[in-house]
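Peer 1: return atomic coordinates for the entry below.
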Amino acid sequence: MMKFSLTRMLDREVGDLLSDRWLFSLVTWVPPLLFFIMWWIFSQGIATELPFGVVDLDKSRTSRALVRHFEASPYLKIDDSFLEVAQASSALKAGYIYGLLVLPHGLEKQALRGRPPQITAFTNGQYLLTQKLITSALVQAQKTFTVQVETVRNLAAVTPVFDTALSSALPISSQPVPLFNVGKNYAQFLVPALLPAVWQIVMVTGAVLSLSLVHRKYTLIRWLGKAPARALLAKMVGLSTIFWLHGILFLTFMYVWLGWPMRGEWSLLLVSQFITVWASIGAGCLIFLLIRDAASSLSIAAAYVAPALAFMGVTFPVTAMTLPARIWRSLIPICHYVEIQFGQVNYGAPAEMALPELGALSLLLLPGLIALILATRLAGPSWTKPKEKPHDLS
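Peer 2: Residues are numbered from 1 along each chain as shown. Prediction:
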């Protein structure tokens, strides 16, 4: 009988879902559309040809050769039409260029005398990615040019052997070797964090709106009926099944269809997603059952999950966060899931390394259990039942 009742409740959930176009859209085609839009925004992967200004005050052969080195960088699109610093500075402040390089008077004379010339570069620090790329490109181009000049000077004056002249020009060399994301693809860095963050927002708001729908349609107490825990559990089962499929979809999209590297265990990711889905839906249900108002519940849900991207540790290190921020982060399911996802996808970490985050995710199932208990109390005999004729809940 219990199995039959739960089946009827699931059928009722499907009917309620189909009766509301916005809720149906939110839990079906809107999340995949959002996933695609997030990927499409960063689909280029690598930022190239960033507008960059050069003011060449020396107008010498050396300064022109240095500008050509900067032009060779795929990250820079050189605009050397600026005649004075004030003109280029105005373009930088207006956002027409992301950086500015000033080659001073006497650059070639200082280079020929063996003195390092003073080259001044300005970048817009408000754009973290562009500043990082431009700074890296400038350092690499100037380093290459300086080594070439020093090597030629050493060959002419000190050591006629090329290897010796090169080692004298560059006594200490470095070779960065990335452990993952070898191509420095920005999409592979940011999209795997953006999609789970959007996914969790949809899950929590979907749970709130789903309970809001039955509250408007039947009133919450009537909808809970004589088996409140079972009614709420049926809703959670239906939503969790749909949203888990969404999670599997974005993993498949990134690491199968797009072919991004996947070094870990799929089974561990799927289990982590399953727990994350239940924890998120449970949190959304608890928020609505405590407040029982759609607008207020959505506001609190947004305040709860919206900072997830900032708290993941992708754009800002967790170790540098304040204690309140770390506490808040520990209460957001997706932050623990992303740690597992990055560990598996990027590093192929052993399963035992994911156990602390899996334990934290399991603790975040408690809001769902509390929501089931609260639903039972709300439907208890101490509450006054409305006298108007109830809607058909079959």
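Peer 1: for this protein, which residues score under the pLDDT cut-off?
Peer 2: Judged by pLDDT under 70, the chain has its weakly predicted residues at 1-6, 111-117, 128, 142-184, 381-394.
Peer 1: where exactly do the strands run in it?
Peer 2: Using DSSP state E, the strands found in the chain span residues 50-56, 76-79, 99-103, 120-123.
Peer 1: ok, the nearest residue to Ile119 once chain neighbours are set aside - contacts?
Peer 2: Of all residues not flanking Ile119 in the chain, Leu103 sits nearest, at 6.2 Å (Cβ to Cβ, 6 or more residues apart in numbering). Using the backbone N, CA and C atoms, a C-beta is placed for each residue, glycine as well. The contact partners of Leu103, by Cβ atoms under 8 Å, 6 or more residues apart in numbering, come to Val54, Val55, Asp56, Leu57, Asp58, Ser63, Leu66, Val67, Ile119.
Peer 1: quick check: PyMOL command selecting the buried ones in those.
Peer 2: Buried residues within the contacts of Leu103, by 16 or more other Cβ atoms under 10 Å, are selected in PyMOL with:
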select buried, resi 54+55+56+58+63+66+67
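Peer 1: of all the contacts of Leu103, which comes closest to Ala187?
Peer 2: Nearest to Ala187 out of the contacts of Leu103 is Val54 (Cβ to Cβ; 29.5 Å).
Peer 1: thought that closest one was touching Leu83?
Peer 2: No: applying Cβ atoms under 8 Å as the test, Val54 and Leu83 come out as separate, 11.1 Å apart.
Peer 1: got the strands of the chain as TSV, with distance to Ala187 columns?
Peer 2: What follows is those, written out as TSV (distance: least, Cβ to Cβ, whole Å):
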stretch	distance to Ala187
strand 50-56	17
strand 76-79	21
strand 99-103	23
strand 120-123	23
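Peer 1: out of the ones you listed, which comes closest to Phe253?
Peer 2: That would be strand 50-56 among the strands of the chain, by Cβ to Cβ, at 28.3 Å.
Peer 1: mind listing what the closest residue to Arg61 other than its chain neighbours touches?
Peer 2: Excluding the flanking residues, the one nearest Arg61 by Cβ to Cβ, 6+ apart is Glu108, at 6.6 Å. By Cβ under 8 Å, 6+ apart, the contact set of Glu108 is Asp58, Ser60, Arg61, Thr62, Ser63.
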